[in-house]
Structure formats: C-alpha cells, structure tokens
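K.L.:
Quick one, what's the 3D model for this:
(chains A, B, C and D)
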There are 2 protein chains.
Amino acid sequence: MYYLIKNIGLFKDNTPEELEAMIKKTAFSLINYEPGQTVILQGEKLNGLLILLSGEVKGEMNDENCNIIKVEDIKAPNLIAPAFIFGNGIMPVTVTTAVRSEIIFIKRDSFIKMIQENSTILTNYLDILCSKAQFLSGRMMFLRSTNIREKFIAYLNENKDSNNVIRIDKKLHELADLFAVTRPALSRVIGDLIADGIIEKLDRNIYRLR
Amino acid sequence: MYYLIKNIGLFKDNTPEELEAMIKKTAFSLINYEPGQTVILQGEKLNGLLILLSGEVKGEMNDENCNIIKVEDIKAPNLIAPAFIFGNGIMPVTVTTAVRSEIIFIKRDSFIKMIQENSTILTNYLDILCSKAQFLSGRMMFLRSTNIREKFIAYLNENKDSNNVIRIDKKLHELADLFAVTRPALSRVIGDLIADGIIEKLDRNIYRLR
DNA sequence: ATTTTTCGGTAATATATGTTACAAATAGTA
DNA sequence: TACTATTTGTAACATATATTACCGAAAAAT
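P.N.:
Numbering: from 1, shown residues only, chains lettered A, B, ... in the order given. I've put the predicted structure just below:
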C-alpha cells in the first residue's frame, strides 16, 4: 500500500517507510467499493482527503435540466477532488466507482496535522492546489478568447516535435470536447487549415505545421 | 500596518499583536512603488508572497498578437496572485501599480515557515487556494456549457431577491465581459427574454423573473 | 473472413453570436 | 440649463459554430 501511494504526487518525496510511519499515526478509514457505488454526491460537503488506492472512479454532473455531463475519470493511485477539502468544499460532481475500488478517507483535521508535520507533503499539496488553479486559469483564458482555428493551432504548437509534426493521441471528439466545440466543426476547421496550406496531413491524426 | 493586513483573508483570524510578532520573525521586504511601475512581468516566476498593503494594482496580459487584455484590478489590502506561489508559478499576467502603492514581499521559504508555524494562516491559505480552484472550475463549466440566454437567467437566479427582482449593479458591458460575449449580443438576448415574457423590465438595470 | 461498431470527413441548413453603426436615454459637467 | 460623455437599445449584416445526416474507412468483434 505504501508503495502504491508513493506514486501519488502528494507523497512522491517520502519513502514507503516514512509513509508507513505517517499513516500509522493518522486516523483514517479504508473503504472497499463495488463497481457503481457512490463515493460522494454532488452538493455534499467533502470533509477530508480521499485517496483512490486501487480501481477507478468517474465524476458526473447533473445540470438543471437533469442532463448528465461526464466530467472526468480518475485511475488509481490518485487523489480525488483535492481542491475541495477546503474552502466552501461543496462537490460539483457525483463521484462513483467504475470498477471495484479501495479508497482511503482522512478527515480534514487529521490531514491538516499530517501536512503540518511533514513539510514535503505540505509543499506537494500546495503545488497540487496552485497547479490546479493555474491550469484552470489558463484554460479559461484559452476557452474565452479564441476560435476553433486558433485553439487547434495552439494545440498543435503545444504538442509539436522538433520537425513540427504532431500525432494527436486523442479521438477527434475528445479533442473537440477539450475545446468545448462539436466534432464536425473541428473537423471542418482542420479541413480549412489544410486547404489554406497552414498544416499538412501526413496520416490519420498526424499533422505537420508549416 | 498590522491593522491593515488583518483585513486580508489570510490573516483574518490573527490579532494585530500576533501578526506583529509573526512578521517580526519573518524575513520580508517592503517596497514602495510609484504609479505605473511594474511589480512582476508576465512569464516571470513568482518566488514568494506579495501583499498589497496600500494602493492598487492592475493585471494585464499580452496575447500572441500583442493585444493587451485587462485582467483584473486589485485594491489594498489584498494578496497578489496567491495561487502562483507554488506549482510552476509562471505569471500569466503583468502586474503594474495603478497608483502609489506599498507591497510586502515574503520569500517562498519564509512563507512556508510562516504557515507551518501558524495553523490558522495555513488553513486560511488553503481556503484561499481551494476557493480559487472551485470558483474557476465552476466558472469554466458555466462558460463552456450555456448560451447567453441561459447565462443571463442563471445570473438572475443567483442574484434575485425574495420577490424575484434583480438590480444589476454592473454596466452591461461588464456583465457581457463576465459572460465572455459582446454587449450588443447580451442586449439583444435580454430584449428577446422580455419579448418572450420570461422576464420583465422594471427600470434601468432592474428586472423581475417570472 | 465477415460482420459490426466506431471514427472521421463532409455537406446542407439552422442558429447563435459577432461586428459595426447609429440613435435614444441617462449621467456627468460647465 | 445646455453641453458632453457614457451607457444602452436596436438593426443590418457577416461569421462562426451547432445540428443533423450520410458515407466511407478503419478498427474491433465474431
């Protein structure tokens, strides 16, 4: 178990032995979930740290019209909703297990004690929170400002290799979802970019910028 | 000064005396800025905590086409970019003073020591970071999913009083900016909502939902 | 090898929003 | 009061994207 959680960013700088010592003096509960069970409901307050030790969970959101919006999948080992332990902390999504899973729950007070006593865990947690905020802030600027054409070119620039070649390792509909647009619209824009000579299609999902 | 910074969320639970004792044993620098001076440049790494003690700063962003996008104004007393102290920490905006200002800078290591030694400051900082991430995550869902009509109705629902009346205390162009749309488009949608009998206009910037 | 499913390209059409311009209403100021 | 600047409403038109549908290619399953 300590070898498992060492793969989580929060604990990456601790040895399995340190983690064992630390967990041993921390109050926690280890819960086994069957596939499809609810871990935490949208609207509930998260009162501590959830560590997905094994298995896989998915987040889903219900909007006012009761449409279910799939938000993200988390595979073990990983933290679940680390940015919802503090602040108002009301979960915007319902988290359910996709497969049989083990989850560790550490109450907020115990978690605070843990990060106070261990400065690498503290800074790792701060890194996680800040990175999350920075990522979201960047992503928001990205979504707000640009059209599909610029989004796609920005994506290519971020992922190009030294030859300006990009292999897109996502389904097109996933990429479209990332850009918050529809797949045919993205597809058309890619076609336009090729027609305009801005990019070159080398193979299925492989392009070169020029 | 200690009375001033007590008004910052990070220090709200400490008495001025505690703050004085704490600051006295922390290495920091207090810098005076004239109006229009640069505090930190877009692309630079932030290496500690910036506390705006007096005055006012603004954040501006340059996109690839060198357009300047105004991001936000911060009035004293307040923290500047608290979510960029950790993580990758590269500033996405340039911060400059709008008026003569005083700014305290505490290096990252000193700040870590401060939050380790004072658990109310630690939890306040965690609250700030988590709230930021939660806010951004909510705002992103909002921007991604809905059209102007739904955004405006959501805004009305969040701000309505017991009689379903909303006084919009923003300029229309500010509201449009919040929604990441243009003012005429928002204006037209409001007109449509009135025409459809979904809302009623009581006065300039005052509406009733029905 | 054959069938079935998924994935990506494309087109017609509909819709939402942007752009630009101008006028009316309001607020601020001499 | 009159003048000016700001804010808002509105319209014509342009554009980007969504929606829907269909086809062919690729991948997966049988």
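K.L.:
which parts of chain A sit against chain B?
P.N.:
A:61, A:63, A:69, A:83-89, A:92, A:112, A:115-116, A:119, A:122-123, A:126-134, A:136-141, A:143-145, A:180 (Cβ under 8 Å from any Cβ of the partner chain). No exception for glycine: its C-beta is placed from N, CA and C like everyone else's.
K.L.:
rerun at 6 Å
P.N.:
A:83, A:86-87, A:126-127, A:129-134, A:136-137, A:140, A:144, A:180 (Cβ under 6 Å from any Cβ of the partner chain).
K.L.:
out of the residues you listed, which is most surrounded?
P.N.:
Compared across the residues of chain A next to chain B, residue A:133 has the highest neighbour count, 27 neighbours, by other Cβ atoms under 10 Å in any protein chain shown.
K.L.:
my read is that one is in a strand, agree?
P.N.:
No. With DSSP: H, G, I helix; E, B strand; the rest coil as the criterion, residue A:133 is helix rather than part of a strand.
K.L.:
Look up the pLDDT of it for me, please.
P.N.:
We have a pLDDT of 96 for residue A:133.
K.L.:
again with the one 3 residues further on
P.N.:
Looking at residue A:136, its pLDDT stands at 93.
K.L.:
Look up the closest residue to it, ignoring the ones flanking it.
P.N.:
For residue A:136, ignoring the flanking residues on the chain, the nearest one in space by Cβ to Cβ, 6 or more residues apart in numbering or on different chains is residue B:136 at 3.8 Å.
K.L.:
among the residues of chain A next to chain B, which two are most distant?
P.N.:
Farthest-apart pair in these is A:126 and A:180; separation 29.2 Å (Cβ to Cβ).
K.L.:
Could I get the phi/psi values of residue A:89?
P.N.:
phi 70, psi 10 (degrees, to the nearest 10).
K.L.:
count of neighbours near residue A:191?
P.N.:
11.
K.L.:
Could you look up the SS state of it?
P.N.:
helix.
K.L.:
Name all residues that make contact with it.
P.N.:
Residues near residue A:191 by Cβ atoms under 6 Å, 6 or more residues apart in numbering or on different chains: none.
K.L.:
ok, back up a step: element containing the residue nearest to residue A:136, please.
P.N.:
Assigned by DSSP states H and E, residue B:136 falls within helix B:119-145.
K.L.:
tell me the angle of that helix relative to helix A:119-145?
P.N.:
30 degrees (axes from the mean of the first three to the mean of the last three Cα atoms, to 10 degrees).
K.L.:
out of everything not next to it in sequence, what's closest to residue A:83?
P.N.:
Per Cβ to Cβ, 6+ apart, closest to residue A:83 is residue B:133, 3.8 Å.
K.L.:
Residue A:94 bridge partners, please.
P.N.:
Beta-bridge pairing of residue A:94 under DSSP bridges involves residue A:60.
K.L.:
And the residues of chain A next to chain B, which is closest to DNA strand C?
P.N.:
residue A:144 (9.5 Å; Cβ to the nearest atom of the strand).
K.L.:
So the closest one versus residue B:69, what's the distance?
P.N.:
Distance check for residue A:144 against residue B:69: by Cβ to Cβ, to the nearest Å, it reads 9 Å.
K.L.:
and if you look at residue A:142?
P.N.:
12 Å.
K.L.:
Got the phi and psi for residue A:85?
P.N.:
Main-chain torsions, residue A:85, degrees, to the nearest 10: phi -80, psi -30.
K.L.:
dump the residue contacts of it.
P.N.:
A:46, A:49.
K.L.:
Next one: it from residue A:15, what distance?
P.N.:
The value you get for residue A:85 to residue A:15, if Cβ to Cβ is used, is 25 Å.
K.L.:
where along chain A do the strands fall?
P.N.:
Under the criterion DSSP state E, chain A carries strands at the ranges A:29-33, A:38-40, A:48-54, A:56-62, A:68-75, A:78-80, A:94-97, A:101-107, A:165-167, A:199-203, A:206-209.
K.L.:
Show me where chain A dips below the pLDDT cut-off.
P.N.:
A:63-68 (pLDDT under 70).
K.L.:
circling back: of the residues of chain A next to chain B, closest to residue B:36?
P.N.:
Within the residues of chain A next to chain B, proximity to residue B:36 (Cβ to Cβ) peaks at residue A:137, which comes in at 24.8 Å.
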